[in-house]
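[1] predicted model follows, preceded by the sequence.
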Amino acid sequence: MAETIIRNSSPVTACISSGKGGVGKTSLTVNLAYALAQKEARVLVVDGDLGLANVDVLLRLQVKTTIRDILDRGADPLEAVIYVEPCLGVLPASSGVPDLANLGPEDHQELGEILRSIGSHFDIVLMDTAAGIGSSVLWFNTFVDYNILLLTPDPTAMTDAYALIKVLSRDYHRKTFHLLLNQVKNEAEARQVYEHLARVASHFLNLGLEYLGAVPQDPTVSKGVRNQVPFIKIAPQSKAALTIFRHAERLLSWTAPKTANRKTAV
């Protein structure tokens, strides 16, 4: 395991979620983490799709210890972290374990303590959740500092992203959401999708959505997924990679806010 130094301040925690599956969430999370690590930030990727994990598949990792092992048999959380780069660790989850997708309040409390303990060794913690509005998705989104919603211009992706925003804002009082558009033709298309959702959220939820940016359609993205290698490593000068590096710069400017009064999902 790579050497890490415990930080005195809290890490920035961000959840990357989508209402709909198949929008490229895990690939984007992994590539964003690599970009942050290249900028010398200490980054942890948490596979928050607890019952259908796939971060390890995307990175071709040999997993020995998962979040399930930590919760079920008290495995050492730090020993479960797999370092794929000196500054980039992955906390893997299990696949084919439906019970983990519906953890109870006590399990969520324990998981929160585990993530805070591991997170103290990193600057930024990115949590890649399952799609939809299941209990684990809601819990991760209420646990973190920042909520990033990934969606494509597909109408169903837009509708499902809005549904997730609605539940988090109405039931858990989350007020700030950062929208990241994926697989767009150009910036104009991304802005059009964002502005449409922003108008709806403003009118019905009294929310102002933040525009984080967009990632364009790029064949290197699917090539990276097929080869189980981050596309920013395959083609660092590709259109998609260059936008990922820009988004990483913005995340580096984020700070961990005080969260004493936060309502967390159970």
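    That came through, no problem.

[2] C-alpha only now, for contacts and for neighbours.
    OK.

[3] quick one: contacts of the helix or strand where D128 lies?
    Taking DSSP states H and E as the definition, D128 sits inside strand 124-131. With CA atoms under 8 Å, 6 or more residues apart in numbering as the test, strand 124-131 has contacts from 11-21, 25-26, 29, 33, 41-50, 52, 119, 136-137, 140.

[4] strands along the protein, start to end?
    Listed in chain order, the strands of the chain (DSSP state E) span 12-18, 43-48, 82-85, 88-91, 124-131, 146-151, 178-184, 210-216.

[5] got these as TSV, with mean pLDDT columns?
    Output for the strands of the chain, formatted as TSV (pLDDT from 0 to 100):
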stretch	mean pLDDT
strand 12-18	96
strand 43-48	96
strand 82-85	96
strand 88-91	97
strand 124-131	95
strand 146-151	97
strand 178-184	97
strand 210-216	97
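
[6] now these as TSV including distance to Q237 and mean neighbour count?
    Shown next, in TSV, are these (distance: least, CA to CA, whole Å; neighbours: other CA atoms under 10 Å):
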stretch	distance to Q237	mean neighbour count
strand 12-18	24	26
strand 43-48	22	27
strand 82-85	20	17
strand 88-91	21	25
strand 124-131	24	26
strand 146-151	22	25
strand 178-184	17	21
strand 210-216	13	20
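
[7] let's have those in CSV, adding distance to S222.
    Shown next, in CSV, are the strands of the chain (distance: least, CA to CA, whole Å):
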stretch, distance to S222
strand 12-18, 19
strand 43-48, 20
strand 82-85, 20
strand 88-91, 21
strand 124-131, 18
strand 146-151, 17
strand 178-184, 11
strand 210-216, 12
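
[8] out of those strands, which comes closest to I67?
    strand 88-91 (7.2 Å; CA to CA).
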